[in-house]
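Novice: Return atomic coordinates for the entry below.
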Amino acid sequence: MTAGLPETTALPPGAAHSGAADSGAEGARLSCAWVFAYGSLLWNPGFTFRERQRAIVRGYHRSLCIFSHVHRGTAEVPGLVLGLDRGGSCVGAAYRVDERQWPETLSYLRAREQVTPIYKEASLSIRTEDGRNVSAIAYVADRAHHQYAGRLAYEDLERLVRQGAGVSGRNVDYVLNTHEHLVQMGIRDPSLAYLAARLKAPEAP
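Specialist: Take a look at the predicted model:
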């Protein structure tokens with residue numbers, strides 16, 4: 001782990017949300033050109049960037065809390081993908097985008113992340129590894145949306161991930177790729193580590 005930035009931590013249910021965020025269009029109109037990544041954007045950003053920094057956001061944590069109906073599952077057979085959920089903190093990556101490419105990048109992110117309205121676009125205060133405090137666009141879980149899964153038991157996490165497949169591929173690959181990239185960054189996520197170990201093991205007959 002890199003000094004100065006702690007690992008992702010989660011608060012228990014009902015804990016206070018301490019992060020600062022401006023949701024939706026207000027956040028999009030800010031002059032920032034940063035994107036905070038915590039899931040598949042870590043290993044498949046899909047846009048051009050000028051700089052990448054390890055970064056932390058406080059008030060949210062990484063969680064497999066979203067039923068996937070498009071990218072890694074369907075409405076009939078949902079998968080499970082990551083969201084930023086309230087409480088704790090999250091270490092991920094911050095991408096700095098050239099301002100000339102920002103409108104195109106933002107359009108791309110909205111088409112990718114908001115294919116259903118389970119994710120809210122927000123401008124979050126983050127701290128980069130080199131000590132800068134900047135505003136970054138991120139996509140946070142909408143707890144009022146029907147695709148919000150909340151906190152699930154490990155056996156339910158595994159079942160949903162194993163069954164899920166969508167337009168972007170198998171849910172298993174999504175989890176394994178994200179876990180592998182977090183390990184490369186020196187970030188420990190206990191839920192993803194548990195799932196990765198289970199998914200790599202042969203299924204019981």
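Novice: I'd like the next helix or strand past the lowest-mean-pLDDT helix or strand in the chain.
Specialist: Least confident helix or strand, the chain: helix 25-28 with a mean of 40, by mean pLDDT, DSSP states H and E. Heading C-terminal from helix 25-28, the first helix or strand you meet, by DSSP states H and E, is strand 34-37.
Novice: gap between that following strand and the chain center?
Specialist: Chain-centre distance of strand 34-37: 10 Å, with CA atoms, centre = their mean, to the nearest Å.
Novice: And for that strand, what's in contact with it?
Specialist: Under the contact criterion CB atoms under 8 Å, 6 or more residues apart in numbering, strand 34-37 has outside partners 41, 45, 47, 49, 55, 57, 92-97, 105, 109, 124, 126, 134-138. C-beta: built from backbone N, CA, C; applies to glycine.
Novice: and if we set it to 6 Å?
Specialist: 57, 92, 93, 94, 95, 96, 126, 134, 136, 137, 138 (CB atoms under 6 Å, 6 or more residues apart in numbering).
Novice: Throw these into CSV and include neighbour count and pLDDT, thanks.
Specialist: Formatted as CSV, the contacts of strand 34-37 follow (neighbours: other CB atoms under 10 Å; pLDDT from 0 to 100):
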residue, neighbour count, pLDDT
57, 28, 98
92, 27, 97
93, 22, 97
94, 24, 97
95, 24, 97
96, 18, 96
126, 24, 97
134, 17, 95
136, 24, 96
137, 24, 96
138, 28, 97
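Novice: Now that we have those residues, can you turn them into JSON lines and tack on secondary structure?
Specialist: Listed next are the contacts of strand 34-37 as JSON lines, based on DSSP: H, G, I helix; E, B strand; the rest coil:
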{"residue": "57", "secondary structure": "strand"}
{"residue": "92", "secondary structure": "strand"}
{"residue": "93", "secondary structure": "strand"}
{"residue": "94", "secondary structure": "strand"}
{"residue": "95", "secondary structure": "strand"}
{"residue": "96", "secondary structure": "strand"}
{"residue": "126", "secondary structure": "strand"}
{"residue": "134", "secondary structure": "strand"}
{"residue": "136", "secondary structure": "strand"}
{"residue": "137", "secondary structure": "strand"}
{"residue": "138", "secondary structure": "strand"}
